[in-house]
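A.B. asks: what shape does this take:
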Amino acid sequence: MKTTIDFPEDLVMRAKTTAIARRTTLRSLVLRGLEREICDPSPEVENPLRALQQLDASIWKGTTADRYVENLRQDWA
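C.D. replies: Below you'll find the model as predicted:
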């Protein structure tokens with residue numbers, strides 16, 4: 001089935017460039033993206049900042065940003 005969709009020009013140019021880099025067609029790229037969005041939609045968070053604010057603040061007590069990053073780096077090693 002054919003349909004017409006009006007895309008922003010810069011998005012089309014980026015999509016064409018991506019398709020070329022991936023050695024595929026624009027049609028294939030659009031179909032895969034649409035299929036992925038329909039079959040496995042990402043859960044949407046209404047307000048991600050509100051969700052963070054509602055976390056129990058006690059888990060961060062005594063923790064600084066530097067200490068948090070240091071702990072993350074230790075876990076990566």
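A.B. asks: let me see the contact set for residue 11.
C.D. replies: For residue 11, the contact set (Cβ atoms under 8 Å, 6 or more residues apart in numbering) is empty. For every residue, glycine as well, the C-beta is placed using N, CA and C.
A.B. asks: report pLDDT for it.
C.D. replies: If you check residue 11, the pLDDT there is 92.
A.B. asks: run the chain-centre distance for whichever helix or strand it is part of.
C.D. replies: Applying DSSP states H and E as the criterion places residue 11 in helix 9-21. A distance of 18 Å separates the C-alpha centroid of helix 9-21 from that of its chain, computed with Cα atoms, centre = their mean, to the nearest Å.
A.B. asks: likewise stretch 68-77?
C.D. replies: Using Cα atoms, centre = their mean, the offset of stretch 68-77 from its chain centre is 24 Å.
A.B. asks: could you pull up the residues touching the closest residue to residue 16 other than its chain neighbours?
C.D. replies: The shortest distance from residue 16 to any non-neighbouring residue, by Cβ to Cβ, 6 or more residues apart in numbering, is to residue 26 (5.7 Å). By Cβ under 8 Å, 6+ apart, residue 26 lies in contact with 15, 16, 19.
A.B. asks: helices of the chain, start to end?
C.D. replies: For the chain, helices defined by DSSP state H occupy the ranges 9-21, 26-39, 48-53, 65-76.
A.B. asks: in TSV, list these along with distance to residue 2.
C.D. replies: Listed next are these as TSV, based on distance: least, Cβ to Cβ, whole Å:
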stretch	distance to residue 2
helix 9-21	17
helix 26-39	11
helix 48-53	38
helix 65-76	49
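A.B. asks: picking that back up, just the buried ones from the contacts of residue 26, in ChimeraX syntax?
C.D. replies: In ChimeraX, a selection of the buried entries from those looks like this (16 or more other Cβ atoms under 10 Å):
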select :19
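A.B. asks: show me where this protein dips below the pLDDT cut-off.
C.D. replies: Regions of the chain meeting the criterion pLDDT under 70 cover residues 40-60, 77.
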